[in-house]
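Trainee: Just need the structure, nothing else, for what follows:
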Amino acid sequence: MTYRIGEIATEANVSVEAVRYYERIGLLPKAPRTISGVRRYPRETVDRIRFVKQAQGNGLSLAEIRELIGLMQRGGSRRCKQVQRLLATKIAEIDQKRAQLDDFRRTLQGYADECERSLRQASDPECPVIGKIGRP
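Mentor: Residues are numbered from 1 along each chain as shown. Got it, this is the predicted structure:
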C-alpha cells in the first residue's frame, strides 16, 4: 500500500514542504508517481522521516544524517566503523564549541565583575564595559 504526500506528512508530523525538501536533498528516495503525476510513498517513508527528525533533535546536521542514511545500506563492521567516525567527528566539534563557549562565558563574567566593582565604588558610575566592548 502507498500513501499520498499529505498522508505521509500528517503521519510523520511534518509539513508537505518538509517531505518534498527531504526528497529533494536525498534524505528520502524519490517517490514513484502515478500516471497523473501524484507522488505515492511507501509506509517506510514515515519511519525514515522520524529517523531524520530524531537525528536532528540529537544535533546532527542534514549532511550528517544523509551520510548515516547512506550507511544504512551497508552492513557489518565497516558500517559501524564509519558511524563511529562520524560520531567522533561530531563529538570533537561539540568539544570545540564548548571550549569557545567557556571562553565567552569567562569574558562575560569578567565584564559583569567590572560592572559590579564600578557600581560599588561610585554612586553614579559610567559603565566601564561599554567602552571596552567597542575596542579591539
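
Trainee: How is the most far-flung residue of the chain relative to its centre assigned, secondary-structure-wise?
Mentor: The centre of the chain is farthest from one residue, residue 123, which by CA atoms, centre = their mean lies 47.2 Å away. Classification of residue 123 by DSSP: H, G, I helix; E, B strand; the rest coil places it in coil.

Trainee: What backbone torsions are found at it?
Mentor: With angles defined as degrees, to the nearest 10, residue 123 sits at phi -80, psi -30.

Trainee: per-residue pLDDT, residue 36?
Mentor: On the pLDDT scale, residue 36 is placed at 92.

Trainee: and if you look at residue 136?
Mentor: 68.

Trainee: nearest spatial neighbour of residue 132, skipping sequence neighbours?
Mentor: In space, and not counting its chain neighbours, residue 132 is closest to residue 111: 7.2 Å by CB to CB, 6 or more residues apart in numbering. Every residue, glycine included, has its C-beta placed from N, CA and C.

Trainee: how about that neighbour, what does it touch?
Mentor: By CB atoms under 8 Å, 6 or more residues apart in numbering, the contact set of residue 111 is 129, 132, 133.

Trainee: Now do it against residue 104, distance only.
Mentor: 11 Å (CB to CB, to the nearest Å).

Trainee: Could you do residue 34 as well?
Mentor: From residue 34 across to residue 104, the span is 54 Å (CB to CB).

Trainee: cool, and residue 49?
Mentor: Taking CB to CB, one finds residue 49 at 35 Å from residue 104.

Trainee: So between the two, which is more surrounded?
Mentor: Between residue 49 and residue 104, counting by other CB atoms under 10 Å, residue 49 is the more crowded of the two (22 against 10).

Trainee: correct me, but the more buried one touches residue 23?
Mentor: No. Counting by CB atoms under 8 Å, residue 49 stays clear of residue 23, with 10.1 Å between them.

Trainee: I appreciate the help and will end here.
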